[in-house]
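> sequence and predicted structure, then a few things I'm wondering about:
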Amino acid sequence: MATIDEIDLTDLDVFADRMPHDWFDLLRREAPVWRHPANEEEPDGFWVVSSYEHISEAHKAGTLFSHQTGPGRDGAGGVALNDIAAGRGPGLQMVMTDPPQHTRYRKLVNTGFTPRMIRRMEEVMELRTTIILDRICESGSADFVVDVAAELPLMAIADIIGVPDEDRHKLLEWSNRTIGGSDPEYQDEGTGDDHGATYEAAMIEMAMYAHELTDRKRAEPADDLWTVLTTATVTLDDGTVTELTDLERDLFFTLLLVAGNETTRNAVSLGIMGFMDHPDQWERVTGGAGMDEAAVDEVLRYTSPVNYFRRTATEDTELGGQLIRAGDKVTLWYASGNRDEAVYEDPHRLDLTRTENHHLAFGGGGAHFCLGASLARLELKVIFEALAARMPDIVATGPADRLRMSLVNGIKHLPVEFSPSEPVLTA
C-alpha cells in the first residue's frame, strides 16, 4: 500500500507506466485537498483536488479559481501545471480565459458546434468509420491507436475546420508533438529532454498554418467553421460588436486541433481497453444493445481522457478545510473525481447500465463546459457500434504503450487482433 509521502504527480515516468488510481483512492480517503510538496519540477508546490465534491465546488467558484492567471504571476498561467508565459496563451486562447473575455470568445466560436452541425456530421462520420475499418479488416490485426482511434477524431476536426485532405497528416503530427513533447517518441530531434522546445515549435507551426488557412478561406470561402470565423462577429451585452483577432483565431486553431483530436482518441483507446477488461459489457454492445447515451457517458467517466486541469487562485480562500493562498496553483483531477466512491458504486468498474452519471470528463460545469461534448459523444457512439458490428472478437495481443504525460491519460500504441473480413465499400 502506498503512503501519501510516496506520491509524486510530477513524475511522468509513473504515468508512462500506469494511471495511478491507487494514489487518488488514497488521497480521496485521507486528503481530498492536498498540498503537493515542492520539488525540482515544481519549486513552489501545488494543490491537488481529488474528490468529486471539491472539484465541483472549485468549478462553481468561477473566477476565484482562474483559467488564466493569478496574483504574483505577471500574467503567466494557463491550465497545465507549468506556467505558460503571458501573451502565449493566457488571456488569448479560449481555454485560458475567464469571463467576460471567455464569454465573448465562446459566443464567436459556438457557430461550429451547434446541434444542427453535429447532426449533419453523423452520416459523414459513419462513412469515415467504414473507411477506417475497411483499411484494416482484411489483415486481422492493427495498431488500434494509430489505425483506428486516432483516425476518426482527426477526420472530424479536419472536416469541421475545413482543412484540405492533403494537409491532414500535419494535424496528427502537431497534436502528438504538442501533447507528447515530454515523451521521447514525439520529441523534436535535437531537443533532448526539453519538451518545452517541442511544444513551442509545434505551436508556432500550427499558428502559421492557421494564418495561411484564414487567408485561403477569405479568398475561397467554403461551408466550414474556418470560413465562418474569418468574418464572425457577435454583439455583447453592452452593445459592443466584436470579432476574433488574428492571434486569437490562430490560437483557437491549436486548441481545436489538440483538444478535439487528443481527448477523443484516448477515450476510444482507453474505452476498448475497458471493454476488454469487462467482456460482459462488450457483450452488451455486440449483442445488439449498442451505445446509447448512458453507455457513452459511462465510457467517458471510466476513461477520463483529461486527467486534470490547473487553476490559479485569485484570492485567499478555503477549499476542503485547507487555506489556499492567492496565486497558488490548484489542480483539479477529473480522473479521480470520476472514480469517487462517495458518488459512484464500484467506481473502478465499467458498467454501461450506470444511471445518474454526472461525470466530470467534460469538466465540472460552468462557463468552461467542453465545447465539443456533443461531437465527442457522437464519435464514441459511431466508432464503438461499428467495431461491435464488424470486429466483435477484437482482443489485445500485447500491452498498451502509454504516453509519458500527466495532463492527459494517453495511449500511443495498442496491438490488437480480430477475425479478418471483407471491406464494406468497393472501389
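That came through fine. Residues are numbered from 1 along each chain as shown.
> from Ile324, how far out is Gly45?
The gap separating Gly45 from Ile324 is 12 Å, by Cβ to Cβ, to the nearest Å. Glycine gets a C-beta too; all of them are placed from N, C-alpha and C.
> now swap in Ile411 and tell me
33 Å.
> sorry, back to before: who has more neighbours out of Gly45 and Ile324?
Ile324 (23 against 14; other Cβ atoms under 10 Å).
> tell me the centre residue of the chain?
Geometric centre of the chain, nearest residue: Thr263, 3.1 Å, by Cα atoms, centre = their mean.
> that one reaches Val408, doesn't it?
Yes. With contacts counted by Cβ atoms under 8 Å, Thr263 reaches Val408, the gap being 7.0 Å.
> show me the contacts for Glu185.
Lys412 (Cβ atoms under 8 Å, 6 or more residues apart in numbering).
> I'd guess it is in a strand, am I close?
No. Using DSSP: H, G, I helix; E, B strand; the rest coil, the assignment for Glu185 is coil, not a strand.
> quick one: it from Asp401, how far?
From Glu185 over to Asp401 the distance is 8 Å, taken as Cβ to Cβ.
> for the chain, what are the low-confidence residue spans?
Where the chain drops to pLDDT under 70, the residues are 112, 189-196, 236-237, 427.
> in it, which spans are strands?
33-36, 46-49, 65-66, 141-143, 233-235, 241-243, 308-313, 317-319, 322-324, 329-333, 395-396, 401-402, 411-413, 415-417 (DSSP state E).
> as a markdown table, the ones you listed with distance to Glu126 would be great.
Below are these laid out as a markdown table (distance: least, Cβ to Cβ, whole Å):
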| stretch | distance to Glu126 |
| --- | --- |
| strand 33-36 | 44 |
| strand 46-49 | 39 |
| strand 65-66 | 40 |
| strand 141-143 | 20 |
| strand 233-235 | 33 |
| strand 241-243 | 35 |
| strand 308-313 | 32 |
| strand 317-319 | 44 |
| strand 322-324 | 47 |
| strand 329-333 | 35 |
| strand 395-396 | 25 |
| strand 401-402 | 29 |
| strand 411-413 | 24 |
| strand 415-417 | 21 |
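> right, and those strands - which one's nearest Arg339?
strand 329-333 (9.9 Å; Cβ to Cβ).
> in the sheet, which strands lie alongside the closest one, parallel or antiparallel?
When pairs are called by DSSP bridges, strand 329-333 turns out to pair with strand 46-49 (parallel), strand 308-313 (antiparallel).
> of all the ones you listed, which one is nearest Ala150?
For Ala150, the closest of the strands paired with strand 329-333 is strand 308-313, at 22.4 Å, according to Cβ to Cβ.
> so what's the closest residue to Gly72 other than its chain neighbours up against?
Of all residues not flanking Gly72 in the chain, Gly327 sits nearest, at 4.1 Å (Cβ to Cβ, 6 or more residues apart in numbering). Under the criterion of Cβ under 8 Å, 6+ apart, the contact list for Gly327 reads Gly70, Pro71, Gly72, Arg73, Thr312, Ala313.
> at 10 Å instead, please
Counting by Cβ atoms under 10 Å, 6 or more residues apart in numbering, Gly327 touches Asp44, Thr69, Gly70, Pro71, Gly72, Arg73, Gly77, Thr312, Ala313, Thr314, Glu315, Asp316.
> and those, which are buried?
Buried subset of the contacts of Gly327 (neighbour count, 16 or more other Cβ atoms under 10 Å): Thr69, Gly70, Arg73, Gly77, Thr312, Ala313, Thr314.
> how about the residue nearest to Gly72, phi and psi?
As for Gly327, its main-chain torsions (degrees, to the nearest 10) stand at phi 90, psi -10.
> how close does it get to Ala76?
Distance from Gly327 to Ala76, by Cβ to Cβ: 11 Å.
> joint contacts of the two?
Thr69, Gly70, Thr312.
> what number of residues lie near the residue nearest to the residue nearest to the centre of the chain when sequence neighbours are not counted?
Of all residues not flanking Thr263 in the chain, Pro305 sits nearest, at 4.5 Å (Cβ to Cβ, 6+ apart). When neighbours are defined as other Cβ under 10 Å, Pro305 has 23 of them.
> right, and Pro305 touches Ala267 too?
Yes. Using Cβ atoms under 10 Å, Pro305 is in contact with Ala267, at 4.7 Å.
> shared neighbours, these two?
Ala361, Ala376, Asn409.
> closest one to Asp292 out of those residues, please.
Ala376 (15.6 Å).
> how near is the closest one to Asp147?
Distance from Ala376 to Asp147, by Cβ to Cβ: 20 Å.
> more crowded one of those two?
Neighbour tally, Ala376 and Asp147, criterion other Cβ under 10 Å: the higher count belongs to Ala376, 23 against 17.
> got the contact list for the residue nearest to that one when sequence neighbours are not counted?
Among residues not flanking Ala376 along the chain, Thr264 sits closest, at 5.1 Å (Cβ to Cβ, 6+ apart). Residues near Thr264 by Cβ under 10 Å, 6+ apart: 149-150, 152-154, 156-157, 271, 300, 305, 372, 375-380, 383.
> over to Arg120?
By Cβ under 10 Å, 6+ apart, the neighbours of Arg120 are Thr114, Asp223.
> who touches both of Glu185 and Asp401?
Lys412, His413.
> so who does Ile136 touch?
Taking Cβ under 10 Å, 6+ apart as the test, what Ile136 contacts is Ala142, Asp143, Phe144, Asp147, Val148, Arg390, Met391, Val416, Phe418, Pro420, Ser421, Pro423.
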